[in-house]
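> no sequence for this one, just the structure:
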Ligand SMILES: Cc1ncc(COP(=O)(O)O)c(C=O)c1O
């Protein structure tokens with residue numbers, strides 16, 4: 001659902017940090033900062049994200065949020081006024097001027113996605129946690145006959161090619177993977193193939209949550225989930241989880257708010273890398289059993305990205321492994337992080353009843369994902385899966401270690417818990433001379449101007465909490481990560497010496 005804000009826009013305003021969130025990588029390409037800023041604001045007005053009448057933040061607040069001088073913000077507003085795109089009345093602030101806008105355009109996408117939707121990119125993008133294609137996958141896409149025999153090729157191209165539940169061979173391959181490798185007994189009928197885990201999240205929200213209902217999430221969490229929830233008009237309740245989720249707080253939140261959905265990332269959490277300990281997992285599944293009206297979602301999209309051996313010696317099991325028949329517990333998975341995000345292959349594992357409801361929502365969204373890539377994915381899962389996981393783990397291990405070493409050298413006061421898996425560091429900014437809690441959003445803006453994108457905590461937060469932390473992905477090659485660290489150090493230094 002999009003919120004038609006035109007009706008109440010006279011009273012609506014944006015704070016400096018809220019406008020900063022929407023700007024994305026606004027300092028690219030090069031040019032005078034005030035022009036780039038004004039240009040971005042115009043584009044946001046054009047897309048409907050800044051509707052007519054909206055009150056812009058005071059110049060000083062915007063300057064603080066962007067870590068630029070007040071002159072830059074003032075000159076940008078002046079440019080907007082000169083071009084008739086904004087109006088300022090003494091004592092009443094600066095408002096966006098009249099322009100055409102469609103009510104459906106007003107949803108403000110999470111600023112995290114602004115960068116993804118842009119053509120221009122920064123020098124080193126450590127914001128988007130998306131790896132390149134694994135060589136085994138590349139070879140299969142180049143030449144499908146390597147992995148697909150004739151019968152499999154015919155299956156993928158027979159009939160209309162519409163498979164709202166997913167190509168049968170891929171549903172079977174995913175069921176087999178969950179059963180054998182993840183100790184979660186699963187039949188193909190319990191699997192819905194989705195266009196990436198992102199669609200899985202979206203379908204769960206569409207089919208299980210109605211506008212205004214609460215959803216409980218960890219704070220911080222994956223921004224794609226937050227965006228889908230905001231779009232659906234859900235009411236978000238965040239539970240602090242910078243150092244892992246406290247099941248007791250989750251229990252309180254569920255008992256108090258009776259949410260329609262609880263969305264968790266128990267394994268290699270994005271962004272913290274945390275792994276929920278076994279005792280806490282047991283408490284969460286007990287909680288799910290005690291609240292059958294709430295759907296609990298275990299987003300296991302990163303669960304196959306183990307970089308170091310687990311203490312148990314086995315892959316971390318999904319929550320549902322302890323209670324495979326619980327009807328209100330859904331498990332999400334994806335090949336994006338291990339194989340390639342461009343494959344767009346994800347899945348939901350749930351009860352057959354929930355899968356049927358989700359398939360109906362999927363049919364309404366796209367009539368089913370493309371059949372041929374599903375056939376390739378199925379063949380790779382059954383023949384090369386462990387080889388691909390091992391390759392990816394070695395690649396990310398080297399990158400994680402390169403990033404950690406470079407940050408320790410250039411920013412020795414920053415701290416993080418080294419992750420055993422996943423693809424990002426959740427870094428606490430500290431050591432700024434004379435500062436209290438660091439403003440991570442302002443730092444991310446400074447980093448952008450030094451050519452490096454990182455994600456500030458507030459874009460990962462249900463409550464817009466800054467956390468004094470940034471997410472730094474290690475999906476780029478080691479030389480890029482080594483190049484980024486001194487640039488981040490210069491940006492960090494500049495946030496203490498910014499002119500007013
Ligand atoms: C926790 C989590 N869930 C879902 C997704 C979306 O992944 P996909 O590319 O499969 O849609 C991501 C991607 O970053 C993620 O980190």
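All right, it came through fine. In this text the structure is predicted, and so the values were computed from the model without any measurement. Numbers count the residues shown, from 1 in each chain.

> CA only for contacts and neighbour counts going forward, please
OK.

> which residues does residue 257 contact?
Residue 257 sits next to residue 214 when contact means Cα atoms under 8 Å, 6 or more residues apart in numbering.

> what residues does the stretch 201-350 of the chain have near the ligand?
Contacts of the stretch 201-350 of the chain with the ligand, taken as Cα under 6 Å from any ligand atom, map to 222, 270, 299, 301, 334, 336, 341, 346.

> and if you look at the stretch 401-500 of the chain?
So the stretch 401-500 of the chain never meets the ligand (Cα under 6 Å from any ligand atom).

> which element, helix or strand, includes the closest residue to residue 70 other than its chain neighbours?
Spatially, and ignoring its direct neighbours in sequence, residue 70 is nearest to residue 63 (5.1 Å; Cα to Cα, 6 or more residues apart in numbering). Under the criterion of DSSP states H and E, residue 63 resides in helix 59-66.

> now residue 171
helix 168-180.

> return the set of buried residues in that helix.
If you call a residue buried by 16 or more other Cα atoms under 10 Å, then helix 168-180 has these buried ones: 168, 169, 170, 171, 172, 173, 174, 175, 176, 177, 178.

> ok, stretch 416-424 next?
In stretch 416-424, counting by 16+ other Cα under 10 Å, buried: 418, 419, 420, 421, 422, 423, 424.

> helices of the stretch 101-250 of the chain, start to end?
111-116, 135-142, 150-157, 168-180, 196-208, 223-231, 247-257 (DSSP state H, counting those that start in this stretch).

> which of those helices has the lowest mean pLDDT?
Per-stretch mean pLDDT for the helices of the stretch 101-250 of the chain is lowest at helix 111-116 (a mean of 64).

> returning to what we had before: from the residues of the stretch 201-350 of the chain next to the ligand, list the buried ones, please.
222, 270, 299, 301, 334, 336, 341, 346.

> so for residue 311, what's the pLDDT?
85.

> where's it, which helix or strand?
Residue-wise, residue 311 maps onto no helix or strand under DSSP H and E.

> what's the burial count for it?
8 (other Cα atoms under 10 Å).

> for it, give its distance to the ligand.
22 Å (Cα to the nearest ligand atom, to the nearest Å).

> please apply the same query to residue 159.
Distance, residue 159 to the ligand, using Cα to the nearest ligand atom: 27 Å.

> ditto for residue 67
The value you get for residue 67 to the ligand, if Cα to the nearest ligand atom is used, is 27 Å.

> contacting residues for that residue?
Contacts of residue 67 by Cα under 8 Å, 6+ apart are 442, 443, 445, 446, 495, 498.

> and residue 185, by the same measure?
Here residue 185 is in contact with 175, 178, 179, 321, 324 (Cα under 8 Å, 6+ apart).

> may I have the secondary structure class of the last one?
Using DSSP: H, G, I helix; E, B strand; the rest coil as the criterion, the local structure at residue 324 reads coil.

> sketch out the low-pLDDT regions of the stretch 51-200 of the chain for me.
100-121 (pLDDT under 70).

> quick one: name the residues of it near the ligand.
129, 196, 197, 198.

> any chance of those residues in JSON lines, plus distance to residue 42?
Output for these, formatted as JSON lines (distance: Cα to Cα, whole Å):
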{"residue": "129", "distance to residue 42": "28"}
{"residue": "196", "distance to residue 42": "32"}
{"residue": "197", "distance to residue 42": "33"}
{"residue": "198", "distance to residue 42": "29"}
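
> can you turn the buried part of those into a PyMOL selection?
In PyMOL, this line selects whichever of those come out buried by 16+ other Cα under 10 Å:
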select buried, resi 129+196+197+198
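
> just name the closest of the buried residues of helix 168-180 to the ligand, please.
Distance to the ligand, by Cα to the nearest ligand atom, is smallest for residue 174 among the buried residues of helix 168-180, at 14.1 Å.

> isn't the closest one right up against residue 192?
No: counting by Cα atoms under 8 Å, residue 174 stays clear of residue 192, with 9.4 Å between them.

> please tell me how far the residue sitting furthest away from the middle of the chain sits from residue 215.
Taking Cα atoms, centre = their mean, the residue of the chain most remote from its mean C-alpha position is residue 90, at 40.4 Å. Using Cα to Cα, to the nearest Å, residue 90 is found at 42 Å from residue 215.

> cool, residue 289 as well?
17 Å.

> for the protein, what spans make up the strands?
86-89, 93-96, 124-125, 191-194, 214-219, 235-240, 261-264, 295-299, 329-334, 346-349, 424-428, 452-453, 455-456, 469-473 (DSSP state E).

> pick the most deeply packed of those strands.
strand 191-194 (a mean of 30; mean count of other Cα atoms under 10 Å).

> okay, now the sheet partners of that one, with direction.
strand 346-349 (antiparallel) (DSSP bridges).

> so how far is the partner strand from its chain's centroid?
Here strand 346-349 is found 17 Å from its chain centre; the criterion is Cα atoms, centre = their mean, to the nearest Å.

> also stretch 483-492?
So, by Cα atoms, centre = their mean, the centroid of stretch 483-492 is 24 Å from its chain's centroid.

> touching it from outside, list them.
124, 403, 406-407, 410-411, 432, 443, 446-447, 449-452.

> what do you get for stretch 463-481?
Against stretch 463-481 from outside (Cα under 8 Å, 6+ apart): 124-131, 219, 236-238, 242, 271, 396, 398-400, 402-403, 406, 423-429, 437-441, 444, 454-458.

> tell me who's in contact with residue 72.
Here residue 72 is in contact with 33, 34, 63 (Cα under 8 Å, 6+ apart).

> ok, the first one - how many residues close by?
Around residue 33 sit 20 other residues, with neighbours defined as other Cα under 10 Å.

> that one reaches residue 39, doesn't it?
No: between residue 33 and residue 39 there is no contact under Cα under 8 Å: 9.7 Å.

> who touches both of these two?
By Cα under 8 Å, 6+ apart, no residue touches both residue 33 and residue 39.

> which residue packs closest to residue 280, ignoring adjacent ones?
residue 247 (6.1 Å).

> residue 234 too?
residue 212 (4.8 Å).

> if I look at that neighbour, how far off is residue 12?
20 Å.

> over to residue 213?
Going from residue 213 to residue 12 by Cα to Cα gives 23 Å.

> how about residue 226?
Distance, residue 226 to residue 12, using Cα to Cα: 22 Å.

> ok, those two, which is more surrounded?
Ranked by neighbour count (other Cα under 10 Å), residue 226 and residue 12 place residue 226 first, with 24 against 15.
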